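In: coords please:
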Amino acid sequence: MTKKIGILGGTFDPPHFGHLLIANEILHNLHLAEVWFIPNQIPPHKQSNHFTESKHRLNMLKLAIKDNKKFKINTIELEREGPSYTYDTIHLLREQFPSYSFHFIIGADMIEYLPKWYKIDEMIKFVSFIGVKRHGYRTESNYPVTEIEIPLFDVSSTMLRDRLNNNESTAYLLPEDVKRYIEGNHLYGTR
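Out: Numbering: from 1, shown residues only. Model prediction:
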């Protein structure tokens, strides 16, 4: 029997409850065996290449997912140099795990961006896309995307970085262990 794996890529800078909610909803809706969080080295679609050091992002992600045995981290993109193209990642994962089926989870912002993805026409032949609604974005696409309804939770890493930098509340937006790690390492302007 094929093992169904959900893939959730991102910078996770920092990881928050929105990421965990998406992963958990997709895990149960699609009856996946696991969801793998794949932190990016350099995402090709981001304007800035200024991200928190990968070791900190990885440590925060470990703290964020530690209570769910079906959440795993795969560091395949952190181990490669240069931009993290999804095509290359999925190609390598399929070589390493030929009996697994991969379901790539994307937000509505990425659904709109799919036509610009590297080798998208080849990629849709061997990975299924799972789309999650996001406020302010359309989910229509000429590419095959299975849309999953999940509770809308409008939080972003950008908003959290701003709040942390301005010493504003992040209660109920990110796990306490992650917040303690951020403060202990003085990330995002925390003192």
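In: how far away is Lys62 from Val35?
Out: Going from Lys62 to Val35 by CB to CB, to the nearest Å gives 15 Å. C-beta: built from backbone N, CA, C; applies to glycine.
In: and those two? Which one has more around it.
Out: Under the criterion of other CB atoms under 10 Å, the comparison of Lys62 against Val35 puts Val35 first, with 25 against 15.
In: give me the pLDDT for that one.
Out: Listed pLDDT for Val35 reads 98.
In: so which helix or strand takes in it?
Out: Assigned by DSSP states H and E, Val35 falls within strand 34-39.
In: how about that strand: buried residues?
Out: 34-39 (16 or more other CB atoms under 10 Å).
In: which other residues reach that strand?
Out: Residues outside strand 34-39 that contact it (CB atoms under 8 Å, 6 or more residues apart in numbering): 3, 5-12, 15, 19, 23-24, 26-27, 54, 57-58, 61, 65, 70-78, 89, 105.
In: strands - which of the residues you listed land there?
Out: Residues of these located in strands (DSSP state E): 3, 5-10, 71-73, 105.
In: most widely separated two among these?
Out: Maximum pairwise distance in the ones in strands among the contacts of strand 34-39, criterion CB to CB, is 22.2 Å, between Lys3 and Gly10.
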